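J.: Have a look at this prediction, sequence included:
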Amino acid sequence: MPAGLYRALLTVAGAAVAIVLAVVISSVAISAAGASPLDAFAALFNFGETERQVVNGITTMVNRSVPLFIAGLAVAVGFRMNLFNIGVEGQYRLAAICAAWVGAQFTAPPLIQILVIIVVAAAVGGLYALIPAVMKVTRGVNEVIATIMLNYIAINLAAFLVRGPFTGERAAGQLTTSTPQIPESGWFPNLNWIFEMFGMPAPRGGGLWGFLLVAVLLGVGLWLLLERTRFGFDVKASGLNASAALASGVKPKKMVISAMVLSGAIAGLIGLPEILGDKHSFGSNFTPGLGFLGIAVALLGRNKPGGIAIAALLFGFLDRAQGPLQFADVPPSVITIMQGTIVLLVVIANEVTRRIALRREERRAARHLGANTPVEVTA
Amino acid sequence: MLGKRFSRIAVGSVAGVLLMAAAACGGSGNGGDTSASTASSGGTSSEASKSGLKVGLAFDVGGRGDKSFNDAAYAGLEKAKSELKADIKELSPAADGSNRGELLRQLADAGYNPIIGVGFAYGEDIKKAAEEYPDIQFAVVDSASNAPNVTGLLFAEEQGSYLAGVAAATKAKSGHVGFVGGVENDLIKKFEAGFVAGVKSVKADAKIDVKYLTPDGDFSGFKAPDKGKVAAEKMFQDGAEIVYHAAGDSGLGVFQAAAAAGKKAIGVDSDQRQTVKEADLQSVIMTSMLKRVDVAVFEFVKAFQGGAKGGSNTVYDLKVDGVGLSTTGGEIDDIKDKLDAAKKDIVDGKITVPAKP
């Protein structure tokens, strides 16, 4: 069996074992909470009876996956070269409020309006990530500490902006605050036609977010950049062995700055599916925490766009069951338990399979060496 | 080298997971309680309904088991079940609150009508859902009606707070009291306005310390017992005898400060002397300003059964006992006459309590 195929099979087997174990552990937790694991797993796969309910369920799942996927990509760019951008959380929140505010200040043809919003979001996210990058290359500040601290600043800054300079009008009796509404030309068209094409009813709410297409393009683009370009190779080389990369002409400072800024720019887009597709403003009810979830998604997806897509869909699939689980009288915290155990077990499985593959490779190499050049031991 | 790399990734992962855990704790508050109580409610909705009435209710973040707002709403729902023979279903949102709209739609798709959203955060989501399901009646607690089929369930918090102010000023010999508000928004300012008016009606020269934990739009002030404790400690050190809080979960910190200082506090929303778990904190809660979310929920369901339609607000005030003071512990029994007189004056319209400070 070729080594590549063997490793791929081993990885898949590892992931499968991890998920089965996660199911077992979750079942124990569900039983301990006094509910039936069978009911819980039935609820996970129960998308409803009517066509509309099924469509709504699928939409909820995919809509949840899109920002998680982007968050996973943002984290993965840093992870690929051993840069831990824990600041995705702050970068996306700050980017989201700035983009939402700028988008509400003017009216332009839809394409331009949306493009401007996307560019602003990416720019704000990228610039905010530039701060820890510069601190790292000029003063050697650990980027983990810097980005965590910058998260607090960004989160509080965004909270201040939404109730202060960037606040919009409020209806009488409304207590939540938000930025002004983005004009209709800045609303990303939804993808409900996909369902209609198959003769199914359109989902309720904001519909299937059109930003899904941008996310797919982003994933493909990032894959090309990381796997098929000089930059991607440099990123990989710096991650695997910084001093070897330096010796072969990769400038480490430039790499840190460009990888951090790229990670931040992608992070800036995390909030846009929700803002452009549904809420049309940044407000008190804006979804927080996606940046931290992105870390889990990236780990689960092994820092590869394809893997991250699967991980994001898995998280979306689990999160969707929040309502159905409660209809089945199962505590919805089960979802968080499952997500946690899956991430931990998959990370462990990855390491175990990597070691197994490595050992096999070493044995194979040793056999070859042994067969060809018997080593003479002399005193 | 690989070992070193792995350990770095491991450290990063651990840091990330810790942060996620911290974020989850910050967001959900008492997620543990929620799950436990949701589990124990198993079977509540499986009993066959006898009236064909199916009432759905969506909690705010924190969900059931918050010993306050959400639990009060659930009490009203249970009353609707036992007295109106309604089939009920209650759902809690994810810790990040990202699926409020989904919960409303899932209830609507499952045939529940009416549907109640607990908390002002549901304002926008209810509006959208109401437009998508025009045949279903919705209600939202603490937020104004914003669609023809939405009923806003509001409370005259200033009237109840006025009574709390009367009680505090009468009990505080020095005339020095305090108010801790969770978030400085129009809703919590109503509590402050009523409380201040009530205190001044008894002692015109009373000293009232007012502190808000977070500014408008930053809702973390409802979930920060540490901040509540610091604010109340300062007031007690400055000489305040009784501190009234309208700060959600942060009120726990106010009670802790009161217990440490040997002073008194006034609770909010539900009868906190009964709902607070710690025995040493129960005794510092002189009374609580009750916001009868249970009454509002039950009355709304009853009115719906009677054919009422939305599009307007219903205000629960002193007249209908939508707000009031709790008497557990009997600490305000001796001033009952005074409180009843003040209540009567408000109900009769002799006193108009300001809703803005």
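T.: Sure, I can see it.
J.: Using the three-state scheme, assign the single nearest residue of the stretch 201-350 of chain B relative to chain A.
T.: As assessed by Cβ to the nearest Cβ, chain A sits closest to residue B:217 within the stretch 201-350 of chain B, at 3.0 Å. Just so you know, the C-beta spots here come from the backbone N, C-alpha and C atoms, and that holds for glycine as well. Here residue B:217 is recorded as coil under DSSP: H, G, I helix; E, B strand; the rest coil.
J.: where does chain B dip in pLDDT?
T.: B:1-51 (pLDDT under 70).
J.: wait, isn't the residue of the stretch 201-350 of chain B closest to chain A in contact with residue B:185?
T.: Yes - using Cβ atoms under 8 Å, residue B:217 is in contact with residue B:185, at 7.4 Å.
J.: Please enumerate the helices of the stretch 51-200 of chain A.
T.: A:51-80, A:88-103, A:110-139, A:143-163, A:192-197 (DSSP state H, counting those that start in this stretch).
J.: Could I get the buried residue list for the shortest one?
T.: Across helix A:192-197, burial judged by 16 or more other Cβ atoms under 10 Å in any protein chain shown covers A:192, A:194, A:195.
J.: before we move on, what about stretch A:356-376?
T.: Quick answer for stretch A:356-376 (16+ other Cβ under 10 Å): residue A:357.
J.: Other residues contacting it?
T.: A:3, A:6, A:7, A:10 (Cβ atoms under 8 Å, 6 or more residues apart in numbering or on different chains).
J.: go on, stretch A:109-118?
T.: Contacts for stretch A:109-118 (Cβ under 8 Å, 6+ apart): A:99-100, A:102-103, A:106-108, A:182-183, A:185-189, A:214, A:269, A:272, A:275-276.
J.: ok, 6 Å please
T.: For stretch A:109-118, the surrounding residues in contact (Cβ atoms under 6 Å, 6 or more residues apart in numbering or on different chains) are A:99, A:103, A:185, A:186.
J.: Please, which helix or strand holds residue B:290?
T.: strand B:285-291 (DSSP states H and E).
J.: Quick one: name whatever helix or strand follows that strand.
T.: Next along from strand B:285-291, by DSSP H and E: helix B:293-305.
J.: now that following helix: how far from the chain's centre is it?
T.: 17 Å (Cα atoms, centre = their mean, to the nearest Å).
J.: now stretch B:338-349
T.: 24 Å.
J.: most packed of the helices of the stretch 51-200 of chain A?
T.: helix A:88-103 (a mean of 29; mean count of other Cβ atoms under 10 Å in any protein chain shown).
J.: To which secondary structure element is residue A:261 assigned?
T.: helix A:252-267.
J.: Can you give me the buried ones in that helix?
T.: A:255-267.
J.: residue ranges for the strands of the stretch 1-150 of chain B, please.
T.: B:54-58, B:87-91, B:115-117, B:138-141, B:150-155 (DSSP state E, counting those that start in this stretch).
J.: tilt between the last one and strand B:285-291?
T.: If I follow you right, that is strand B:150-155. 160 degrees (axes from the mean of the first three to the mean of the last three Cα atoms, to 10 degrees).
J.: Contacts (any at all) between chain A and strand B:150-155?
T.: No - figure legend: strand B:150-155 not in contact with chain A (Cβ under 6 Å from any Cβ of the partner chain); closest approach 6.9 Å.
J.: can you list the residues of the stretch 101-250 of chain B near chain A?
T.: So the stretch 101-250 of chain B meets chain A at B:101-103, B:105-106, B:109, B:120-121, B:123, B:132, B:144, B:185, B:187, B:216-218 (Cβ under 6 Å from any Cβ).
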